[in-house]
Every structure is written in C-alpha cells, then in structure tokens.
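S.K.: need a structure here:
(one chain, ligands or ions: 2)
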Amino acid sequence: MIKVGVLGARGRVGVEVCRAVEAAEDLELVAAVDKDDSLDALAKAEVVVDFTHPDVVMANLEWCIGRGIHTVVGTTGFDAARLDTVRGWLARNPGTNALIAPNFGIAAVLMMHFAQQAARHFESVEIVELHHPNKADAPSGTARRTAELVARARREAGLGASPDATTTQLDGARGATVDGVHVHAVRLGGLIAHQEVLLGGEGETLTIRHDTMSRASFTPGVLLGVRRVPGLDGLTVGLESLLDL
Ligand SMILES: NC(=O)C1=CN([C@@H]2O[C@H](COP(=O)(O)OP(=O)(O)OC[C@H]3O[C@@H](n4cnc5c(N)ncnc54)[C@H](OP(=O)(O)O)[C@@H]3O)[C@@H](O)[C@H]2O)C=CC1
Ligand SMILES: O=C(O)C1=N[C@H](C(=O)O)C[C@H](O)C1
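M.R.: Ligands and ions are numbered 1, 2, ... in the order given. Have a look, this model is predicted:
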C-alpha cells in the first residue's frame, strides 16, 4: 500500500483524485488537505498529489520535498525558473522525486505528442485552448507546454517563424506568444478543458483536437504517477515519459 495525501482535496480535480485513490486497492488515502488546513496531516504520506493554485504550489512543494515526500503535481504555472527551483530542492533531498505534468489526461498527452510530431511538416501553427470560466491561469499549462514542444520540433526541423503579414491589430487580437507560437485562450461557461492545434501548409490544414468531458479523465494518469514517482529520478516533467509512446 502506498500512503497518499491530496492537496486541494475539496477542489474540482482534488475531489476526483481522492475518490480514485480511495477506490484503488494498492493506495491508501491518509490525508485530504485544502486551503487553511494544516499541512502537518501530510507528514504520514509517502506521495502527495497537488491540485491547488499556481500561487501556492511552490510553498506546498518546498514543504513536501523538505520532508522527503514524493510529489505528483497537476497544478499549473510552472516556467523554467520554477522548475529549476524544484530541481534545487530535490538535489538537497536525495531520494525524493517529483512528477510535474500540465495534463494527466492520456488523450491530452497524445494530443501534445501528435502535435509535436506534425509540427515539422507545416509552415504555420497556432494553438486555441478553451476552458471553463473559473480557471485561474491563461493560457493553460497544457497550451504552454504544447507550444514549447511544437516550437522545439520546428527549430529542430529548421523552420522559421510562421508566416504572418499582420501590421495593424487591436491589442490581443493575435493572442499570446509562447516560444514564438501564437496561443489563444477562450473562457466559456459549459466547457471543461479543450484544445485545438491548428497546422497549415500548401493548400491543406490539419487540426488536432482534444476534449475533456469529465475531470475523472485525469485520475488514471494521476494514479500512474503516484505508483511510479517513488522509482523516478529527481524531477520528471510531463506524463509522456511514463507512457510507452
Ligand atoms: N495537470 C492536470 O491534468 C490538470 C491540472 N489542473 C490544474 O490544477 C489546478 C487546480 O484546478 P481545479 O481543481 O480546477 O481548481 P479548484 O480551484 O477547483 O481547486 C483547487 C483547490 O485547492 C484549494 N487551495 C487553495 N490554496 C490551497 C492551499 N494553500 N493548500 C491547500 N489547498 C488549497 C482551493 O481552495 P479555495 O477554493 O478555497 O481557494 C480549492 O479547493 C489548476 O492549476 C489547474 O490548472 C486542472 C485539471 C487537470
Ligand atoms: O484548470 C483546468 O481546468 C485545467 N488545467 C490544466 C491546464 O492548465 O492545462 C489541464 C486542463 O487543461 C484542465
């Protein structure tokens, strides 16, 4: 039995994670912690899962890693500087590991993988992410990561910037750019989490679309992370390295 703690346990995803951990025969939910609860309840956990908020996740991670607790992190907001900080904490606590993934949905991971594969074959690429209006961050962690993976694939293929003759625009009309890739964020009631990667070339386009229909979709990936994180080495970013892609 792996002893599991959940941070953000009363949140939209945290509730699903607690339910999935309790239903798994090889996992034991030893702590369900949310805002204003003491972190001390997590001390008995071997692995802590964090689905909280970009503003608090770093403090949570520092607390867990400092106590030798492995972490599986779904909370978004990680840039290169934050990842370096986490690597530093892990280096000072050898034998403690962290898995940080912007999306634990298996189909979402495949969508990112396919976008990365396709990117080198098209002169143009843009990303549209669509989420529920209660989401804290924009663009989404998934869109940021997709843009980084796509940009890397384009660089490796020797592609330059996507063609764009725009000289006149309202602020924001072309979205944000992540690693040179335009990313557009929609917030709309009725949605959960969705993303399209639009690729365009000579006389044809390819659209790779992912739709989240239920937040339970994140739990198989989270449980995979919980089972595997004790055997990882320091920091792992993205669920893809745990899948046989
Ligand atoms: N990687 C992935 O697969 C996915 C990642 N996400 C990400 O996960 C995060 C959470 O998303 P979601 O569940 O929708 O958000 P919610 O706001 O529904 O849940 C977050 C929960 O964490 C609580 N919380 C806030 N601060 C703390 C704290 N310091 N300690 C413990 N709990 C705290 C919140 O309390 P309160 O409401 O009172 O502030 C809330 O109950 C976001 O960053 C989101 O982007 C979401 C879906 C999938
Ligand atoms: O906040 C959400 O809902 C989601 N957040 C993650 C992200 O920012 O990519 C994953 C998924 O898109 C749902």
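S.K.: Report the spatially nearest residue to the residue nearest the centre of the chain, omitting neighbours in sequence.
M.R.: Ranked by distance to the mean C-alpha position of the chain (C-alpha atoms, centre = their mean), the top residue is P102 at 0.2 Å. Residue nearest to P102 in three dimensions, not counting chain neighbours: G141, with 3.2 Å by C-beta to C-beta, 6 or more residues apart in numbering. C-beta: built from backbone N, CA, C; applies to glycine.
S.K.: what's the answer for A143, then?
M.R.: E129 (4.1 Å).
S.K.: R228 now?
M.R.: Using C-beta to C-beta, 6+ apart and skipping residues adjacent in sequence, the residue nearest R228 is L242, 5.4 Å away.
S.K.: so that neighbour touches G225, yeah?
M.R.: Yes. The criterion here is C-beta atoms under 8 Å, and L242 meets it with G225 at 6.9 Å.
S.K.: Dihedrals phi and psi, the residue nearest to the centre of the chain?
M.R.: phi -70, psi -20 (degrees, to the nearest 10).
S.K.: what do you get for V6?
M.R.: Taking degrees, to the nearest 10 as the convention, V6 sits at phi -120, psi 130.
S.K.: For it, grab the count of nearby residues.
M.R.: Burial of V6 is recorded as 31 neighbouring residues (other C-beta atoms under 10 Å).
S.K.: mind listing what it touches?
M.R.: Counting by C-beta atoms under 8 Å, 6 or more residues apart in numbering, V6 touches 14, 17-18, 21, 29, 31-33, 48-49, 51.
S.K.: out of those residues, which are inside strands?
M.R.: 29, 31-33, 48-49 (DSSP state E).
S.K.: how near is the residue in the chain positioned nearest to ligand 1 to V4?
M.R.: As assessed by C-beta to the nearest ligand atom, ligand 1 sits closest to G11 within the chain, at 2.0 Å. For G11, the distance to V4 equals 16 Å [C-beta to C-beta, to the nearest Å].
S.K.: These two: which is more packed in?
M.R.: Higher neighbour count among G11 and V4: V4, with 29 against 19, using other C-beta under 10 Å.
S.K.: The more buried one: which element?
M.R.: strand 2-7 (DSSP states H and E).
S.K.: who in this structure is up against ligand 1?
M.R.: 7-8, 10-14, 33-35, 51-54, 56, 74-76, 101-104, 141, 218 (C-beta under 6 Å from any ligand atom).
S.K.: If any of those residues are buried, give me the PyMOL selection for them.
M.R.: Selection of buried members from the residues of the chain next to ligand 1 for PyMOL, criterion 16 or more other C-beta atoms under 10 Å:
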select buried, resi 7+8+11+13+14+33+51+52+53+74+75+76+101+102+103+104+141+218
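S.K.: you'd agree G68 is up against A98?
M.R.: No. The criterion here is C-beta under 8 Å, and G68 misses it with A98 at 11.8 Å.
S.K.: Looking at the two, which is more packed in?
M.R.: Neighbours were counted for G68 and for A98 using other C-beta under 10 Å; A98 has more, 26 against 11.
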